[in-house]
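In: Take a look and give me a structure for this.
(2 chains)
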Amino acid sequence: MKKLVAYITTGYEDNDFTLDLIAALKEAGTDALELGIPFSDPVADGPVIEEANLKALQKGFKMQQLFDLSTEATKLIDTYWMGYFNSFYAKGFENIAQIASERGVKGFIIPDLPFEETLRYKPVMENSGLSQISFVAPTDSKERIAKVVKDAKGFIYLVAYTGITGSGTAAPLETIIGEVKTCSDTPLYVGFGVNEQTAKERAKGVDGVIVGSAFVKVLLDESLTKTQKIANISTMARNIKELINE
Amino acid sequence: MCYIPQKSKYDPDELGHFGIFGGRYVPETLMPILEELDKRYREYRFDEEFWKEVDYYYKDYVGRPSPLYFAKNISEELGAKIYFKREDLNHTGAHKVNNVIAQGLLAKKLGKHKIIAETGAGQHGVATATVAALLGLECTIFMGAKDVARQELNVFRMKLLGAKVVAVESGSKTLKDAMNDAIRYWVTNARDTFYVIGTVAGPHPYPQMVRDFQAIIGYEAREQILQKEGELPDYVLACIGGGSNAIGMFSHFLEDEKVQCVGVEAGGLGVSTQKHGASLEKGRPGVLHGQMSYLLQDEDGQVLEAHSISAGLDYPGIGPEHAFLRDENVVKYDNITDEEAMKAFVWVSQKEGIIPAFETSHALAYLKKIEDIRGKTVIVNISGRGDKDMIQAKELLDFN
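Out: Sure thing, here's the model as predicted:
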């Protein structure tokens, strides 16, 4: 069965709402959760997630809210923290790894921390039992893929196209998927631009998909009530889970 | 013989680290692009043919070498020997063009015919649009929507030169956000687009590369001062936003015990307020725009907005080499407020008949803060001319 990972921006709504949403996502077949850490300068994200980031900050998001939410979220579903490196570094990397570990978080997904810069934090991650998620991009050479995924833990995040989240058309990925698969047995999930229209196509040859902007777009829709937002997102999750396993 | 960079003990390591600073903090998509750029730059860094080509444009297009002018009136007033390195006399009016010419030539060698750049007040944007016209490159400039409205003339100038200007509507709609959107565009189009970064910041190899491209300033200044004075100066001063004019000037004096290099940050309304651009003084190490360096940020690592009267210093970060030189006590760093800078702006205009840029006025104001200046020899890098600041100056000053 192929997996579905859902990205949700923390702090866009209060933690009670987000926990209800997480429970609904789980119920709809979601296998793992990325809790996004709002950041002032999210350069890997497109307009949808950027807007959610800035709105969460305007609502007064603080890291403590992520910590509190994680204590509850990890009881429901496998949870990863997804954020920009400065959010981790500012709190002291060792310190934040310990906080994450105590709350049962599985690992970190940091899009602006490439392989070379992860090395110095490897001992901390290992001691805390956390996975540093490895990224593979369509621009990567075979040699670089081999280096990056060699010790991959948790899952490998394949970026579907050169660009930012929630946009773009996927490059042909068969070659790159093949190259990753020859180097690592760690599950390979594809992200960026995955929605109900693209999910089936993008899931070909991989072990799962990561959906972010499509869900966050619903969260940002002010014409919907909170209940409607949860209902729409969970319907979407259920559909995607079915589509990728057809 | 022309200027060719030399290996320096302040070069970063293989991955671009100056101590803990620098490095590459970018999405994976850009890593192979940066590795390729680094590899190609290593080929050209000491390549005589490449530097001959750069030198041709430096001389015949930019107007180099820029003079080292003895500022007689100010020297008399201060009882010291004050020299101005006249980067303000360069084509396009500032040091920015030194870097852009070389990056433009490099882009062509890499087979990339589209270039992008970020700009705050528009100086780097104008320099990039100029070089794009010269070298026949397609040029897109990212500029915060707020700056587009404030700097109407520079926007027109860039368009006149044939560039496309994108008004960035996200975030605070200033330089920081222009750089965010330039990076987003770059991630999407990296295969055929060269990003011309305007200062000694960003992911490796940019800080080192831009330093090499600006080091012509210090290379000339050193030769010129030895010719005029027969000895090295006591102080070398430069203003710092990202820090490219300062690194360019300092790079040829860093290993001289006798010379004290001083970098002057924007003190804005004062470093005890929230309104300044003094990243080294008030920031702490953090990651933004592909590098680790000192950064103005809150306790959660959210980046704070900077403030300075001069748009060129209005940035919450600083080049990683400066962070390193500060922690190693190689260079001294201080700051100058908006008010002190404005006084120096008028002072130098009226004493020497040279209207400096607001940015440069910060370095000039520091002359009055050097307590033991009597009898000393000082070089100030006049990084740019004040023409671009006339509208703002007219609003702030009244001579009636």
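In: Run through the residues that contact B:Leu175.
Out: B:Glu118, B:Thr119, B:Gly120, B:Gly144, B:Asp147, B:Ala311, B:Asp314, B:Tyr315 (CB atoms under 8 Å, 6 or more residues apart in numbering or on different chains). C-beta coordinates here come from the backbone N, C-alpha and C atoms, glycine included.
In: ditto for B:Thr193
Out: Neighbours of B:Thr193 in contact, by CB under 8 Å, 6+ apart: B:Lys112, B:Lys114, B:Ile115, B:Ile116, B:Tyr185, B:Trp186.
In: can you check B:Glu138 too?
Out: B:His113, B:Lys114, B:Ile115, B:Ala132.
In: Run through the residues that contact the most centrally placed residue in chain A.
Out: Nearest to the mean C-alpha position of chain A, by CA atoms, centre = their mean, lies A:Glu34 at 4.0 Å. Contact analysis of A:Glu34 by CB under 8 Å, 6+ apart lists A:Val5, A:Ala6, A:Tyr7, A:Ile8, A:Thr79, A:Tyr80, A:Trp81, A:Met82, A:Ile109, A:Ile210, A:Gly212.
In: got it, and B:Ser293?
Out: Counted by CB under 8 Å, 6+ apart, B:Ser293 has contacts B:Phe21, B:Gly22, B:Ala201, B:Ser279, B:Pro285, B:Gly286, B:Gly317, B:Ile318, B:Gly319, B:Pro320, B:His322, B:Ala323.
In: filter those by proximity to chain A?
Out: Near chain A, judged by CB under 8 Å from any CB of the partner chain, the entries from the contacts of B:Ser293 are B:Pro285, B:Gly286.
In: Out of the contacts of B:Ser293, flag the one nearest to B:Ala215.
Out: B:Gly319 (13.3 Å; CB to CB).
In: Compute the number of surrounding residues for that closest one.
Out: Counted with other CB atoms under 10 Å in any protein chain shown, residues neighbouring B:Gly319 total 31.
In: Please apply the same query to B:Gln123.
Out: Counted with other CB under 10 Å, B:Gln123 comes out at 25.
In: gap between it and B:Asn381?
Out: B:Gln123 sits 15 Å away from B:Asn381, taking CB to CB, to the nearest Å as the criterion.
In: got it, and B:Tyr3?
Out: Look at B:Tyr3 and B:Asn381: by CB to CB, they are 16 Å apart.
In: who's more crowded, those two?
Out: B:Asn381 (28 against 17).
In: Next one, pLDDT for that one please.
Out: With respect to pLDDT, B:Asn381 scores 98.
In: One more: the one 4 residues further on?
Out: Looking at B:Arg385, its pLDDT reads 96.
In: For it, name its beta-bridge partners.
Out: For B:Arg385, the beta-bridge partners are B:Pro356 (DSSP bridges).
In: Report the contact partners of the residue lying closest to B:Gly301 once chain neighbours are set aside.
Out: Leaving aside its sequence neighbours, B:Gly301 sits nearest to A:Ala90 (CB to CB, 6 or more residues apart in numbering or on different chains; 2.8 Å). Listed by CB under 8 Å, 6+ apart, the contact set of A:Ala90 reads B:Gly286, B:Gln297, B:Glu299, B:Asp300, B:Gly301.
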